[in-house]
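Novice: Generate coordinates for the sequence data below:
(one chain, ligands or ions: 1)
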Amino acid sequence: MIRDLRVEYLRAPGAIGTRVPRFSWLPDHEQTAYRLRVARGDDELWDTGRVTGSNTVLIEYAGAPLESDADYTWTVWSWDAAGAASSASHAFSTALLEAGDYRADWVTPVQRPTAVEEWTLLDWITGNGPKTPIDERLRPVQLLRQEFSLREAPVRARLYATARGVYTAWANGTRAGDEHLSPGFDAYAHRTCVQSFDVTTAVTAGVNVLGLALADGWWAGRIGITGSSAQWGDATSAWWQLHVAFADGRTQVITSGAGVRSSTGPWRHADLFVGEHYDARAEPEGWRLPGYDDTEWKPVAATDADLSMLVPFTGAPVRRVDTLHAVSLDSRKDGVIVDFGQVIAGRVRLRLRDTAPGQTVTIEHTELLAPDGSWFQNITGINKEQTDVYVAAGGEWEEWEPEFTFHGFRYARITGAQLGLDDIVAVVLASDLEPTGAFTTSDARVNRLHENAVWSQRGNFLSIPTDCPQRERAGWTGDIQVFAPAATNNAQVAPFLARWLANLRADQTPAGGIPIFSPRSPYDVRSAAQATGIGAVQFAAGWGDAIASVPWTLWQRYGDRRVLEENIDAICGWVAYQSTDAYLDGHHFGDWLAPSTLEQGPHHEAIGVAPALTGRLCAEMFRVRTLDVASRIAAVLGRDASAAEFAQAAASARHAFADAHIDPEGRLDVSLQGMYVLALAFDLVPEQLRQRTADHLVGLVHERGDRLDTGFLSVPYLLDVLWDTGHADLARRLLWQSEMPSWLYQVDHGATTIWEAWDAVVDGRAPRAVSLNHYAFGCVDDVLFRRIAGIRSAEPGYATVEIAPDLDCGLAHVDAHVDTVRGRVAVSWKKGEHGATVTVTLPPGVRGSLRVDGSVRPLSAGTSRYDVAPDIQREKAVGS
Ligand code: BGC
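Specialist: Residues are numbered from 1 along each chain as shown. Here you go, the predicted structure:
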């Protein structure tokens, strides 16, 4: 049997955006040969014939050119060792693949320009925000309407659409697709993704209507650290082409253009940060259906403005991925406070009974309450209102959920409605990525830690990988640089991250600079050029390096060679930039948020200590690291000369680093855990000093009471470095530490996601106004999979595995799996009175080794069970 047929990682993708798709499948046998065939109707386009080999992953199409906007079937045959073949077929469609396919005009509704508000970091810190009321600053969502006629019902209808803003489309009142916040966040000036929707069943013979609601979104709304608006433009616009095919083979394309009309409607405003204000009384009845009289509506302006940035959307769109019921409801003087039990990104859906026309309901959002249960706004700053308003039409019952905003929250405060627990749900929004991992143990706190990382991943993998889903929501390169390995265990993230990398490349400067976050708006570029201090940082060590480390992670975990090909030139550019004075002498964030550096003075001053103290060292260390990674990537791609050149540059930079920063006793000139961790992790310490340097690190950890003192950049390597230098006990002590700063401290203090600050919540102190949903420190989740369960990819894409569980970690049992591109790799281990048992399941075709306490045993596909004698176990209790 063959299952799980995928094109570009997706099952039956609606519209792939490449002429060279890659095919993958999972056979239930050890494959010895395969055959692939691709056809369009009866036309055969590709037949590989029988190919000897075990590969089942990402096999590149090499047939006759695929056409745009077309449907294909593919069939795979797979032979086992006995010569028996099985086969399976699946479908895929193509998007608009050629630049020339994009022909429609952009349409811009007549609209009041949104207030252009350019706030600086200082405005944000000092709270010097807008003085005018929200309704004067924000503007209504535009409704767009296009009528068209078809002579008969089509056999196929595909709507391709996008916007400068965010949009929802309807065909004759039926929502196109189940995506939200399309087209998503992109570096719009360089690339704007186009969605594809199958609307075949919604369009019909005669008059049809395409309706579109268009809000400010990332294009014109408030975004980023300062909450400035109109960062790409102050007017929204939309673009679409409806491709219709009839039974006789004829086709017709309906395009956005001069015939479209627009008006305002029920959305008084909708902004990703501020929230949404919806007045149900103002919904024009039937506007999405034929027959509606739109003569009062205004014609749009149609322009054929540059279409070259339009590209097919790839990967999984943002969807409602879950709903959570309210777990408690507390009526207070200031409103009803609802607890959903979980910090999420999403929005609240309400069911309202017996409403009066004009009845106004408000919903505020926060991730945390004050210790006494009263309302506390954990996110502050300009335009960070996170407040939705619903004005009822009046009736027996109404249901409402915002459409064009999302919030980061666990609690909502609602006024203006009588609500029961059943009337309120939280809708979780996220890029709809397939879950691939599971990790449970005998310790509920450890399980919660893993769940917290998963929830922070979900909350921050929303169109792009963000730092946090409530405050900045920016594609910070440093955050994903540290979290990407963990992300690959929990979900199928390859197309999602590949798409973001395309944005990152688009944002690269001609000098090779990779920005601190992407997408990066024209406003961001301008404001950084004018800023001083931290606001002036544009290209930072450990942030820009995401251009190399994220593709490298995708190669290791998925065996995706194309992502290396796509990024190698950008990597070379960044490596070149890293050898300039502008980089080496420039401002960096350094080992951002290293705990001891934050103890020195008021927070807004202390935040600058890590950059000042560790910026230069991080710059040098990440330069070596990325030269190493670039060299390995070049070698994989067969660019041997570049590989050698990078390796040589790395070697001399390594020597220079050791000469300049490491003394003969193996001490670094900055005495912080993080610097030792990075120097050891990146192999910057001469071999003869390595053990001594590691011992100094141990000393530094002891000085902090066996607690971590690592910041953003070093924390991913801390435990591995200790483990690999013979300090496994200390690594475990840090992992299970429950005094602050530590991972289990957060869990013990009610965390349901990973916090930005270790001390976000401290007993007896007012909570800090920081993000509770920042995945960066959740990078430890990868350690749980690799070190505790012991699941490691030994060759790219888990072609071979090394299973190395830590039976001495103090847990009684662990069950974990990763659904790899080759199938499920599962490990389950359990300790008992008479030793331990380790059960490993590998998918067909995958083999590897099991390392338990010094011995190495071969592993083959299928399930194997090993008993480990008690004499080689050392008891360690969790929390000891
Ligand atoms: C963000 C981080 C980001 C950092 C840069 C913060 O405000 O939330 O996660 O990486 O700035 O130092």
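
Novice: For the ligand, give me its nearest residue in the stretch 151-300 of the chain.
Specialist: Ile225 (5.8 Å; Cβ to the nearest ligand atom). Every residue, glycine included, has its C-beta placed from N, CA and C.

Novice: Neighbours of that residue, how many?
Specialist: When neighbours are counted by other Cβ atoms under 10 Å, Ile225 registers 21.

Novice: got it, and His774?
Specialist: For His774, the neighbour count with other Cβ under 10 Å is 29.

Novice: Look up how far the ligand lies from the closest residue to the residue of the stretch 151-300 of the chain closest to the ligand other than its chain neighbours.
Specialist: Closest residue to Ile225 in three dimensions, ignoring its sequence neighbours and counting by Cβ to Cβ, 6 or more residues apart in numbering: Glu472, at 4.7 Å. In this view, Glu472 and the ligand are 5 Å apart by Cβ to the nearest ligand atom, to the nearest Å.

Novice: Look up phi and psi at Glu472.
Specialist: When read as degrees, to the nearest 10, the backbone of Glu472 gives phi -100, psi -40.

Novice: Can you mark which positions in the lowest-mean-pLDDT helix or strand in the chain are buried?
Specialist: Every helix and strand of the chain was ranked by mean pLDDT, DSSP states H and E. The lowest is helix 121-126, at a mean of 79. Within helix 121-126, the residues that qualify as buried are 121, 123-124, counting by 16 or more other Cβ atoms under 10 Å.

Novice: Is that helix positioned near the ligand?
Specialist: No - shown here: helix 121-126 not in contact with the ligand (Cβ under 6 Å from any ligand atom), separated by at least 9.6 Å.

Novice: Downstream of that helix, the next helix or strand is which one?
Specialist: Toward the C-terminal end, the helix or strand that comes next after helix 121-126 (DSSP states H and E) is helix 134-137.

Novice: Now do the contacts for the residue of the stretch 151-300 of the chain closest to the ligand.
Specialist: Ile225 makes contact with 121, 124, 471-472, 474 under the criterion Cβ atoms under 8 Å, 6 or more residues apart in numbering.

Novice: any idea how far it lies from Ala326?
Specialist: Ile225 is 31 Å from Ala326, where distance means Cβ to Cβ, to the nearest Å.

Novice: Over to Ile414?
Specialist: Distance from Ile414 to Ala326, counting by Cβ to Cβ: 10 Å.

Novice: list the residues that contact both of these two?
Specialist: What both Ile414 and Ala326 touch, as defined by Cβ under 8 Å, 6+ apart, is the set 338, 424.

Novice: As a check, name the ranges of all helices in the stretch 551-700 of the chain.
Specialist: 561-577, 581-584, 603-606, 609-636, 640-661, 673-681, 687-703 (DSSP state H, counting those that start in this stretch).

Novice: if I pick the residue in the stretch 351-500 of the chain positioned nearest to the ligand, what's in contact with it?
Specialist: Closest contact between the stretch 351-500 of the chain and the ligand, by Cβ to the nearest ligand atom, is at Asp467 (3.5 Å). Going by Cβ under 8 Å, 6+ apart, Asp467 touches 460, 473-474, 476, 479, 517, 756, 771, 774, 776.

Novice: rerun that using 7 Å as the cut-off
Specialist: 474, 476, 479, 774 (Cβ atoms under 7 Å, 6 or more residues apart in numbering).
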